[in-house]
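Engineer: Structural data only, the sequence is not supplied:
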């Protein structure tokens, strides 16, 4: 049973470690430092823990070894942990269901997976004060990539959430304040942004459903130290998940990862929506602003949330400087890579034309 040990209950969200067979020591330093700093009551690994089909090739022992190393900091401190899956986990050659069975072999893992609905590791966790339930934490599988773009949370998952919510209300005669964690963001996160012209300072370019539009954070809506360095990669279709969450008003916050270069939160229709930046150093990310999120629940039904960053927890020195430098210039997604390639070849073309002109004039 998870319960308040004092006036607060701390959840630590770790997003997008996205490691392979060899785990970055900088990723582990970030995780260990954040656990020592906050001493959380629960840790949530919120998807894309691992990736790399050519790296793992479905080798169960190699996959288990990497998951073992990533979760060992929790187990060493006897901190309960759970997970949800992202869009990359399944690319290692084992299904999410097969990976879930690996997690179940680890001490301190408290995750479950509700049967009869789409996805894996959908579950709800009760957080109590004595015998009284103070909060519910929903973990939801936001699925993976479609042929173009990203999937959405499915209708039967939303119905499961509604039935669970209503069953608690019926049993206890009140709505239970709730937090939701999943991997891929909600479409409504765009309500925290402002559409701007291309040349606006800090503007990021949208893609797919937001192609050829440019955005900045709306500073009046988000936390003052939040940042956005890439466009949200939301689902291709809005399935109505957010509308379900605001239906009765008991969902206080929804937190996600997926887009490693973003960390901000703000309210949309009374619900706090928040990005947690990537924690992994063997994949692209926001430099030494890689970090984790703390969600601090309070007995009166309120909560606070904030991120913790590598540069503040560990410092400015990394243990793998060459790999760090490489991943700092790595494209964030296929769309980004294509655009960089186009710009590169356009640049080469311009240089070639100039060379031809100079040869013609002075040759």
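Structural biologist: Nice, thanks for sending it over. Since the structure is predicted, the reported quantities are computational estimates derived from the model, not experimental observations. Numbering: from 1, shown residues only.
Engineer: The closest residue to residue 30 other than its chain neighbours: neighbouring residues, count only.
Structural biologist: Nearest non-adjacent residue to residue 30, counting by Cβ to Cβ, 6 or more residues apart in numbering: residue 310, 5.0 Å away. For glycine as for every other residue, the C-beta is placed from the backbone atoms N, C-alpha and C. Counted by other Cβ atoms under 10 Å, the residues lying close to residue 310 total 26.
Engineer: Residue 303 now?
Structural biologist: Look at residue 303: counted by other Cβ under 10 Å, it has 18 neighbours.
Engineer: Tell me who's in contact with the residue nearest to residue 188 when sequence neighbours are not counted.
Structural biologist: Nearest residue to residue 188 in three dimensions, chain neighbours excluded: residue 242, at 4.7 Å (Cβ to Cβ, 6+ apart). If you count contacts by Cβ atoms under 8 Å, 6 or more residues apart in numbering, residue 242 has them with 186, 187, 188, 254, 268, 269, 271.
Engineer: quick one, helices of the stretch 251-363 of the chain?
Structural biologist: Secondary structure of the stretch 251-363 of the chain by DSSP state H, counting those that start in this stretch: the helices cover 310-313, 321-328, 334-362.
Engineer: got the contacts of residue 242 as TSV, with distance to residue 283, pLDDT and neighbour count columns?
Structural biologist: Output for those, formatted as TSV (distance: Cβ to Cβ, whole Å; pLDDT from 0 to 100; neighbours: other Cβ atoms under 10 Å):
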residue	distance to residue 283	pLDDT	neighbour count
186	23	98	25
187	24	97	19
188	26	98	19
254	23	98	25
268	28	98	17
269	33	98	12
271	29	98	18
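Engineer: For those residues, give me CSV that also has distance to residue 170.
Structural biologist: As requested, the contacts of residue 242 are exported to CSV (distance: Cβ to Cβ, whole Å):
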residue, distance to residue 170
186, 27
187, 30
188, 28
254, 24
268, 28
269, 25
271, 23
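Engineer: Among these, which one lies nearest to residue 28?
Structural biologist: Closest approach to residue 28 among the contacts of residue 242 (Cβ to Cβ): residue 254, at 27.9 Å.
Engineer: Quick check: the residue nearest to residue 30 touching residue 290?
Structural biologist: Yes: contact criterion Cβ atoms under 8 Å: residue 310 and residue 290 qualify, at 4.9 Å.
Engineer: which is the next helix or strand following the helix or strand containing residue 216?
Structural biologist: Assignment of secondary structure by DSSP states H and E places residue 216 within strand 214-217. Following strand 214-217 in sequence order, the next helix or strand is strand 227-228 (DSSP H and E).
Engineer: just how off-centre is that next one within its chain?
Structural biologist: A distance of 14 Å separates the centroid of the chain from that of strand 227-228, by Cα atoms, centre = their mean, to the nearest Å.
Engineer: Quick one: list the elements packing against it.
Structural biologist: Counting contacts by 3 or more Cβ pairs under 8 Å, 6 or more residues apart in numbering; DSSP states H and E, strand 227-228 is packed against strand 214-217, strand 262-263.
Engineer: hmm, who's touching the first one?
Structural biologist: Strand 214-217 is contacted by residues 190, 192-198, 200-206, 226-228, 231, 264 when judged by Cβ under 8 Å, 6+ apart.
Engineer: before we move on, what about the shortest one?
Structural biologist: Taking contacts as Cβ under 8 Å, 6+ apart, the residues outside strand 262-263 that touch it are 226-230, 232, 275-277, 286, 289, 291, 293, 307.
Engineer: One more: stretch 112-122?
Structural biologist: The contact list for stretch 112-122, computed with Cβ under 8 Å, 6+ apart, reads 82-85, 95-97, 100, 111, 123, 139-143, 154, 156-157, 159-160.
Engineer: Nothing else from me, thank you.
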